Every structure is written in structure tokens, then in C-alpha cells.
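Enquirer: Structure of the sequence below:
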Amino acid sequence: MTAWFKKHLFLNIVRLACIAAMAALLVFTRSGGAKRPLYFAVTFVFLFLPELVTFVLRVEPPDALSVIYVLGLFCANILGELVELYVSVPVWDAALHLIAAFFLALTGASFLEIMTGKTPRPLATFLFALCFAIFIGVLWEFFEYFMDCVFRYDMQKDTLVKSISTILLDPDGGNNAVTREIESVVVNGEAWPGYIDIGLHDTMSDLIICAAGGLAGGICCAVNASDGGRFRFVRAFYWTKK
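Expert: Have a look, this model is predicted:
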């Protein structure tokens, strides 16, 4: 244990700092309400997810990538949800999805290289990296949906919709979409200024941003492959076989 801690010293210092910040939030603030304990528990488990992947797949991430992962997890689950930066900083969620997808693309490309034992062709690298980033992004949206349905969270943030276009309003019962402005919606006797979409717009925008980040990462990985695997910035974040 001591040897492992020293080998990944900076990474583990970052982990300890994140855990200390989580503990401080738990003790000194009331942010997050009743959902705080589960968020802390999930975040704590996820902090050590790279070690689980290393153990199962016999591959190892560079410390630089692990540090980015740990900081991203803290920014998403703690700062985003519990400190409520998702609400006070509108671009917070989009920025995290974009950055995460970029590095997920690099992870996918490195996995492909490990599996094939060589640097694949640029097109294959690009496609695999892009698809890997989007796939993990979809899994994350599954996780958010699960948390919302089972634990009644609101990870898939709702959007107040002011107009709707639907074939259900076609007076002829056909397939022509009819657009209507929504001035108010009454729920249990309470008037709302629009229709709440229960997370559809948030989920789709997250996936589009994920695709954009994966596209950028895939391009970088393709450049690395065309250069014979010598693109230093990309190589610095590649997983290696243990």
C-alpha cells in the first residue's frame, strides 16, 4: 500500500484533497439536503474507479489522466450538484461534458492500440475513439436517468418549454406537426409559465456536446496514428498495458 501511494503520490494527494473537501461540505454546509450522503458515497467509490479498471483489464492510466478524472468527478458530483454550480454557472455542465468526452476519446484510442498491439490506421483510430466517447456518454446519461427515477434526483435538469410542435394537435389526425405557444400550465392547481420537459433537452444537448468532444479527441488520436504514435500531447494521456 505504501509503495502504491508513493508511486502515485500527486494523484493520491489530489484524491485526499477531494475527500477532505467533501468532508468539509458534509460537516459545515447543508447544501444538497437529503441527497448528500449518497452523492458523497458514489463520488468516493468513483474516485478509485481507475484502480478497478486497472485490476480487471490489466491496463493502467497515466497519472495525468487520473488526476483529470478525479478533478472532473469532484467538479461534477460535488461542485456541480451539491455546491449547485450547475445552477449558478450555466456552462458548467456543458464544459464538463466536452472535456470528459475529449479525454474519453483518447482513452478509447489507447484501448484500441492495446488490443491490437500496434498503432492502428488513422481512420480506424478516429472512429473507435469517437464511438467510445459517445458510448460512455450514453452510459452516463443512463446513470443520470437511473438516479432520477430511483432516488428522485434531478441530474437530468429540466427545461421550461415555451412552445411545442406535435402531430397530436393536427385537427385532421394526420402527420402534420402543429406548433402552439404555451402561456401557462396548471399542475395540481398551480399555474406554471410553461411546460417542463423532464430532462429531454438537457440529455440531448449533453449527448451532442459529448459527440463534439469525442470528435475533437478522435481527430487528435487520428493525427497521432498518422504520425506513428509520436504526438506527445496525446500519448501523455494514453493507457498502457500493465
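
Enquirer: I'd like the next helix or strand past the helix or strand where Ala95 lies.
Expert: Assessed by DSSP states H and E, Ala95 sits inside helix 92-116. Moving toward the C-terminus from helix 92-116, the next helix or strand (DSSP H and E) is helix 122-151.

Enquirer: What angle do helix 92-116 and that following helix make with each other?
Expert: 130 degrees (axes from the mean of the first three to the mean of the last three CA atoms, to 10 degrees).

Enquirer: any idea of the mean pLDDT for helix 122-151?
Expert: Per-residue pLDDT over helix 122-151 has a mean of 94.

Enquirer: Next: stretch 60-79.
Expert: For stretch 60-79, mean pLDDT is 89.

Enquirer: one step back: the helix holding Ala95: which residues count as buried?
Expert: 92-94, 96-114 (16 or more other CB atoms under 10 Å). Backbone N, C-alpha and C define where each C-beta goes, glycine included.

Enquirer: So which residue is smack in the middle of the chain?
Expert: Nearest residue to the geometric centre of the chain (CA atoms, centre = their mean): His97, 4.9 Å.

Enquirer: Hmm, Ile208 and that residue touching each other?
Expert: No - His97 lies out of contact with Ile208 (CB atoms under 8 Å); the separation is 9.2 Å.

Enquirer: Need the pLDDT of the nearest residue to Val138 once chain neighbours are set aside.
Expert: Excluding its sequence neighbours, the residue lying closest to Val138 (CB to CB, 6 or more residues apart in numbering) is Leu207, at 6.9 Å. On pLDDT, Leu207 comes in at 97.

Enquirer: Residues contacting the one helix or strand Val14 maps to from elsewhere in the structure, which ones?
Expert: In the assignment (DSSP H and E), Val14 maps to helix 9-28. The contact list for helix 9-28, computed with CB atoms under 8 Å, 6 or more residues apart in numbering, reads 5, 31-32, 36, 40, 43-44, 47-48, 63, 66-67, 70-71, 73-74, 78, 82-83.

Enquirer: let's see it at 10 Å
Expert: 4-6, 8, 31-32, 36-37, 39-40, 43-44, 47-48, 50, 61-71, 73-75, 77-79, 82-83 (CB atoms under 10 Å, 6 or more residues apart in numbering).

Enquirer: Ala21 and Thr43, how far apart?
Expert: Between Ala21 and Thr43 the distance is 10 Å, computed by CB to CB, to the nearest Å.
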